[in-house]
Structure formats: structure tokens, C-alpha cells
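Undergrad: coordinates for the following, if possible.
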Amino acid sequence: MSHLPQRYDFLKGHGTENDFVLLPDHDGSVHGGLSDEQMAARVRALCDRRAGIGGDGVLRVVREGERWFMDYRNADGSVSEMCGNGIRVFARHLVEEGLADPSQPIPIGTRDGVKTLTVEGDLITADMGSPRVLGESKVAVPGHAWVARHVDMGNPHAVAFVDSLDDAGHLLEAPEHDEATYPHGVNVEFVVRRGERHVAMRVHERGSGETRSCGTGACAVMVAAAVADGLGPGSAYRVDVPGGTLTVTWTEDDRVLLTGPAVVVARGTTSL
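TA: Numbers count the residues shown, from 1 in each chain. Coordinates of the predicted model:
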């Protein structure tokens, strides 16, 4: 498509080592003209860790009406509804570029509706909305199977409590799951308890594989742990992920708040 520039700007950032390529495209003129297949191919090329920049997904930064919109795709090019770590990196970018005021709540549009973020120094909190605690299903990896709690955080999660995080295996392939319950795939979290209101997790994200962290996954894990502990709204948990630590609070008014760091580490241009 000749009207598209051959080279375009990008940034690289991460939240607890869940890493993303950001594509500034404020008026939609840089990537907005691509077909869905072309954009998916571009995302795959950018996220390739050997031949590209490398990332768990791509955040396209675009203006939509009066607010910013996070157009998010997984590393395989598939569209996703929401990304908790990604939206904190998105907010960090807006603040650093002078596109948002860090002293005020920052509304960001997503495919799961508008999320509001607040910035306090190195930490950013995202209001992830109300969770939906659904039924149970089974997930399995070679040699192990568990009952998993279905928690919807705008995207689907299956949360399994395990004896050891090593039991999840290499996670090179998606764990087996109930395709009737999750017709569009599912993010699967494996969780162990570390102490009172303190858990640790590993995750296989649909479309990205095992990642160092998953924000919506941490929220789903916290909600599942609170329900299992006989708690509910009005509680907070520490959630350790391979890439760091997140704090998840389930408020009295049934909102889930995700708090953690987010940094932008590089910028440049590419023709991928």
C-alpha cells in the first residue's frame, strides 16, 4: 500500500517483564490503512524475538474521540480484549510524552471498555472493572490435570491451584482446556500459596505462550484465591509473577485494582 510509510516509529516497554512493542499512530495514518491480515503479520514480525524487536504483544496508540485507545494484539497477531500490564505501559508512555496529566486519572479505551488509571511515582494502578466468577472446568498438561476456576476479567481465565509451579511443565504448548467453555481459547494460571493473602503464579497466555507476567491473570488469580479463602470484595493480595510483584485489590464496590510498575525502555524506527 503505497500511501503507508516504509519506516515507522516504535517504543519498547514492559510491566513486570511482560513486554510490549508500542506503535504511536495517533491519527490512524501509519497503521490504520492495513487490513486485519496485514496488521496481524506486522505484529508477528515485530514480536519475533529473533528476527524482530521481541514482545508478548503490540500496543497501538491511537486517538479515539476525546480519549486514547489501546489497540492491543497478542504476539501471534490475534486481537485481545484487554491487557493489564500493557495498559499500564500504555499509560506510562502517555505521561512521558506529555499526552496525559499524571496528577489526574487517565481514561483509556479498550475493547473491554474504558479503564481508568492513576499514577503514583513508579507505580501505576489500573481499575480493571468488576470480575465475573463463573463455574469450574478442567485444565491439563502432560502428566497433570486440575480443576480450574473460570474468572472473566474482560478476557477468560482458568485458575488452577497446584502443589508446585514446576508441575505446569514447560508450557510450550497451550494447556488442554474445555473448548466448549472457552471457544476462543483461555489464559491459564497455575497458582501456589506463599502465605496469608500472598500467592505466586505462572501463566500461559492465549496467543502469546508463557509470559513473565499477566495483569488480567494476576487479577483473576487474586479473585479466585479470595473466593477459595472465603473472602471477597474488601481484600487485597500480593501476587508474585516470574517478572516481579503485583498488588491486586478487590474493593468493597466490586472493582479490581491492579498495581505495579511500568517502564518504557527503548525507542526507534523500523520497517518490519
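
Undergrad: let me see the contact set for the residue most central in space within the chain.
TA: Geometric centre of the chain, nearest residue: Cys83, 2.8 Å, by Cα atoms, centre = their mean. Residues counted as contacts of Cys83 (Cβ atoms under 8 Å, 6 or more residues apart in numbering) are Phe20, Gly57, Leu59, Met70, Tyr72, Gly215, Thr216. (Glycine included, C-beta is placed from N, CA and C.)

Undergrad: okay if I get these as a markdown table plus distance to Ala140, pLDDT and neighbour count?
TA: Formatted as a markdown table, the contacts of Cys83 follow (distance: Cβ to Cβ, whole Å; pLDDT from 0 to 100; neighbours: other Cβ atoms under 10 Å):
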| residue | distance to Ala140 | pLDDT | neighbour count |
| --- | --- | --- | --- |
| Phe20 | 30 | 98 | 28 |
| Gly57 | 26 | 96 | 26 |
| Leu59 | 32 | 98 | 23 |
| Met70 | 33 | 98 | 23 |
| Tyr72 | 28 | 96 | 22 |
| Gly215 | 25 | 96 | 28 |
| Thr216 | 22 | 94 | 32 |
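
Undergrad: ends of stretch 166-182, how far apart?
TA: Start to finish, the residues bounding stretch 166-182 are 25 Å apart (Cα to Cα, to the nearest Å).

Undergrad: for it, what is the distance to the chain centroid?
TA: In this view, stretch 166-182 has its centroid 18 Å away from the chain centroid, taken as Cα atoms, centre = their mean, to the nearest Å.

Undergrad: equivalent analysis for stretch 97-115, please.
TA: With Cα atoms, centre = their mean, you get 16 Å for stretch 97-115.

Undergrad: just stretch 58-65 next, same as before
TA: That offset, for stretch 58-65, works out to 16 Å (Cα atoms, centre = their mean).

Undergrad: show me which positions of that stretch end up buried.
TA: Under the neighbour-count criterion of 16 or more other Cβ atoms under 10 Å, stretch 58-65 has Val58, Leu59, Arg60, Val61, Val62 buried.

Undergrad: check for me that the last one belongs to a strand.
TA: I take that to be Val62. Yes - assigned with DSSP: H, G, I helix; E, B strand; the rest coil, Val62 falls within a strand.

Undergrad: report the separation between it and Trp68.
TA: Between Val62 and Trp68 the distance, using Cβ to Cβ, to the nearest Å, works out to 7 Å.

Undergrad: cool, the first one as well?
TA: Using Cβ to Cβ, one obtains 15 Å as the distance from Val58 to Trp68.

Undergrad: ok, now the third one?
TA: Arg60 sits at a distance of 11 Å from Trp68 (criterion: Cβ to Cβ).

Undergrad: walk me through the domains of the chain.
TA: Structurally, the chain divides into domains by automatic domain parsing as follows: 8-127+261-270, 132-254.

Undergrad: can you tell me how far the residue nearest to Gly32 when sequence neighbours are not counted is from Asn74?
TA: Distance criterion Cβ to Cβ, 6 or more residues apart in numbering; nearest residue to Gly32, sequence neighbours excluded, is Asp25 at 6.5 Å. Asp25 is 18 Å from Asn74, where distance means Cβ to Cβ.
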